[in-house]
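Student: I'll drop the sequence and a predicted model, then ask my questions.
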Amino acid sequence: MIAHPTGSPPGAHPTGSPPGAHPTGSPPGAHPTDAHLLRAYPVTQLTDELRAEVAAGEVPGITLFRYLNVGSVAQVRAFTDALQAARPPGTPPLLVAADQEGGQLLGLGDGSTPFAGNLALGAVGDPDLAERVGAAIGTEAAACGVNVVYAPVCDLVDHPWNPVLGIRSFGDDPAQVGPLAAAFVRGVRSAGVAATLKHFPGKGGVTVDTHHELGIVDRDREALDAHELAVFRDALTAGPEMVMSGHFAVPALTGRDDLPATLAREAMHELLRDELGFDGVTITDALDMAALAQGSGQIVDAIAALQAGVDLLLCGPHEEANLRLRDGLRQAWSRRLLDPAALRASAARIDRLRRHLDVDARADVEVVGCRGHLDIADELARRSVTLVRDDAGLLPLLPDDDAEVLVIEPRPRDLTPADSSATVAPTVGDAVRRRFPRARRIVIDGPPTSVDIDAAAVAAGDADLVVVGSVTASTEPTEVDLAEAILATGTPTVVVALRSPADLAVLTSLPTVLCTYGLRAPSTEALAAILTGELPPEGRLPIRMPEASTAGRTQRR
């Protein structure tokens, strides 16, 4: 016999509430469980079907996805305005959320200011700058009609070669990362936008991409307190409105290596609420990630998340799965599998957040990508680009109209679902060409092939200088082969890690190496200025380098 979670006798409703009663008295027609499902819709404007769901009070809000809902800044603003206008009279604003992190994940598209990744903020180490970046991101989100930003990432970089984290973290030292995360939160909130700490209780120790499989943070509780949780404690002091759970196991909390924190009451209630004192809204990471059950088993994990104390379930962009979840939760309610008292408290937190958000007090869309924000992005890039070593004494390069400079750079691509780099055009060659008019560029699609390497080596032999960009050397051995083949030609060579400094652990034979923490124009323009001595390199590495023998071991196995 399985005991009911509340200990009520078999057949009795857990709190005595009638099966159809709504925990908070939401609009007529709305089901009690609808308030806990934050769905995604594959549309770029308000459809009649979505309008009807919003008008019926069935939709507490939506998540906007870069490749699903975003065309332009003006289009997003028109969409979100229409969404808010469709809600029932007298109800609070809908939650409209996006992954607007900066760096590799710009959920609001390339019209927004192209800030470098959080690792760039870690390389600068200035909380004031982090707060200004957060304020700019929050202001632009609000101008687009987005009132919840799924940022900042509070995970520490324990495994730099894991592509899902990439440049999204501020670094690997909790004493440095915590104050930066708190400052970022203050900035976002100053724009009237809700900030979200993620991914609780910290997944930097995970060696796999949780979009594809369940990871494990294998620390004891004392180490967890001193490392992962230290960042969240600092960030919570800034008053974030939301905390996002992570789909990874934390045996130190649960005693199990197969139970995601998202589904663990020990993590989402006992630790986060009882111990750390968070009384805001909690939300899952996306439910369509393979670290959780998919298909028909997905509803079981959704119920388990609510029972663990999570307030909102974050749906991915799969309409059939989302409808199955909606109907499954309604059925779970009718079969008394959910505790109405817990749902009442949860729905009250969601309602309080919605009423807190003012969708009218926001800037016009002209602020998105404005000169003032671009100046902050340029400042971040200038102060963060890091000269790791110049054993060959190549720098600074003297601009020369006659110099034959060859730039070999990768075509940006998405390395994980937590990425939007594929929308970016290659920019290193453009920045270098502004200093060296005869510079030419080779763009390589994907990991270099033997044909790519041979062709690049031939071209390098005819050049006076080569600049090689790297994005996946720590996980793709042929990127190392490319750099070493260029070096073997004897042509002076500069290698630039355009993404994670993890690449530096396997590019050990290269004498001149820099890191930009981003591949968008502000970062590559600052890189070119540093190469030619227009700017001094100010950044410092925000993570410790792994041993070359272990770098990328998870992905290469």
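Tutor: Happy to help now that I have it. Nothing here was measured: the structure is a model prediction, and the numbers come from that model.
Student: how about stretch 102-113 as PDB, C-alpha atoms only?
Tutor: Presented in PDB, the C-alpha positions along stretch 102-113 are these (Å, rounded to 0.1, in the frame of the first residue of the first chain):
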ATOM      1  CA  GLY A 102      24.500  37.300 -23.100                       C
ATOM      2  CA  GLY A 103      27.400  35.500 -24.700                       C
ATOM      3  CA  GLN A 104      26.500  32.200 -26.300                       C
ATOM      4  CA  LEU A 105      22.800  32.400 -25.400                       C
ATOM      5  CA  LEU A 106      20.900  35.500 -26.600                       C
ATOM      6  CA  GLY A 107      17.300  34.400 -26.500                       C
ATOM      7  CA  LEU A 108      16.000  37.800 -27.800                       C
ATOM      8  CA  GLY A 109      18.000  37.500 -31.000                       C
ATOM      9  CA  ASP A 110      20.800  39.400 -32.600                       C
ATOM     10  CA  GLY A 111      19.100  42.700 -32.400                       C
ATOM     11  CA  SER A 112      19.900  42.900 -28.700                       C
ATOM     12  CA  THR A 113      23.200  44.100 -27.500                       C
END
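Student: got any ranges where the chain has weak pLDDT?
Tutor: Scanning the chain for pLDDT under 70 picks out 1-29, 546-557.
Student: in stretch 399-406, what's buried?
Tutor: Within stretch 399-406, the residues scored as buried using 16 or more other C-beta atoms under 10 Å are Ala403, Glu404, Val405, Leu406. C-beta here means a position set from N, CA and C on the backbone, and glycine is covered the same way.
Student: got these as JSON lines, with distance to Gly239 and secondary structure columns?
Tutor: Shown next, in JSON lines, are those (distance: C-beta to C-beta, whole Å; DSSP: H, G, I helix; E, B strand; the rest coil):
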{"residue": "Ala403", "distance to Gly239": "53", "secondary structure": "coil"}
{"residue": "Glu404", "distance to Gly239": "55", "secondary structure": "coil"}
{"residue": "Val405", "distance to Gly239": "49", "secondary structure": "strand"}
{"residue": "Leu406", "distance to Gly239": "50", "secondary structure": "strand"}
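Student: and the two most separated of the residues you listed?
Tutor: Using C-beta to C-beta, the pair of those lying farthest apart is Ala403 and Leu406, separated by 10.3 Å.
Student: What's the separation between Pro437 and Pro60?
Tutor: Between Pro437 and Pro60 the distance is 56 Å, computed by C-beta to C-beta, to the nearest Å.
Student: Using JSON lines, lay out the buried residues of stretch 399-406 together with distance to Gly539.
Tutor: Shown next, in JSON lines, are those (distance: C-beta to C-beta, whole Å):
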{"residue": "Ala403", "distance to Gly539": "26"}
{"residue": "Glu404", "distance to Gly539": "29"}
{"residue": "Val405", "distance to Gly539": "23"}
{"residue": "Leu406", "distance to Gly539": "25"}
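Student: Out of the residues you listed, which is nearest to Arg383?
Tutor: Among the buried residues of stretch 399-406, Val405 lies closest to Arg383 (C-beta to C-beta), at 25.2 Å.
Student: isn't that closest one right next to Arg438, touching?
Tutor: Yes - using C-beta atoms under 8 Å, Val405 makes contact with Arg438 at a distance of 7.0 Å.
Student: quick one: which helix or strand includes Ser169?
Tutor: Using DSSP states H and E, Ser169 sits in no helix or strand.
Student: Run through the residues that contact it.
Tutor: Asn118, Leu119, Gly122, Val153, Cys154, Asp155, Leu156, Val157, Val177, Gly204 (C-beta atoms under 8 Å, 6 or more residues apart in numbering).
Student: Excluding residues flanking it in the chain, which one is nearest it?
Tutor: Leaving aside its sequence neighbours, Ser169 sits nearest to Val157 (C-beta to C-beta, 6 or more residues apart in numbering; 4.8 Å).
Student: hang on, the earlier thing: ok, Pro437 and Pro60, which is more surrounded?
Tutor: Pro60 (26 against 12; other C-beta atoms under 10 Å).
Student: roughly how far apart are the more buried one and Pro317?
Tutor: Using C-beta to C-beta, Pro60 is found at 17 Å from Pro317.
Student: So which residues of the stretch 1-150 of the chain form helices?
Tutor: Secondary structure of the stretch 1-150 of the chain (DSSP state H, counting those that start in this stretch): helices located at 48-55, 66-69, 73-86, 118-124, 127-143.
Student: winner for burial among those helices?
Tutor: Of all those, helix 118-124 carries the top mean neighbour count, a mean of 30, counting by mean count of other C-beta atoms under 10 Å.
Student: Alpha carbons of that helix, as CSV, please.
Tutor: The C-alpha coordinates for helix 118-124 follow below in CSV (Å, rounded to 0.1, in the frame of the first residue of the first chain):
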residue,chain,number,x,y,z
ASN,A,118,29.7,35.9,-18.2
LEU,A,119,33.2,34.4,-18.3
ALA,A,120,34.2,37.8,-19.7
LEU,A,121,32.7,39.5,-16.6
GLY,A,122,34.7,37.0,-14.6
ALA,A,123,37.9,38.0,-16.5
VAL,A,124,37.3,41.6,-15.5
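Student: you'd agree Lys198 is up against Val243?
Tutor: Yes - with contact defined as C-beta under 8 Å, Lys198 counts as touching Val243 (7.3 Å).
Student: doesn't Val494 fall inside a strand?
Tutor: Yes - assessed with DSSP: H, G, I helix; E, B strand; the rest coil, Val494 lies in a strand.
Student: Tell me, how many residues neighbour it?
Tutor: By the measure other C-beta under 10 Å, the count of residues near Val494 is 25.
Student: ok, Leu406 - contacts?
Tutor: So Leu406 contacts Ala439, Arg440, Arg441, Ile442, Ala459, Ala460, Asp462, Ala463, Leu465, Val466, Val467, Thr491 (C-beta under 8 Å, 6+ apart).
Student: For it, give the beta-bridge partners.
Tutor: On the basis of DSSP bridges, Leu406 is bridged to Arg440, Val466.
Student: Tell me who's in contact with Val43.
Tutor: Leu50, Asn69, Phe79 are the contacts of Val43 under C-beta under 8 Å, 6+ apart.
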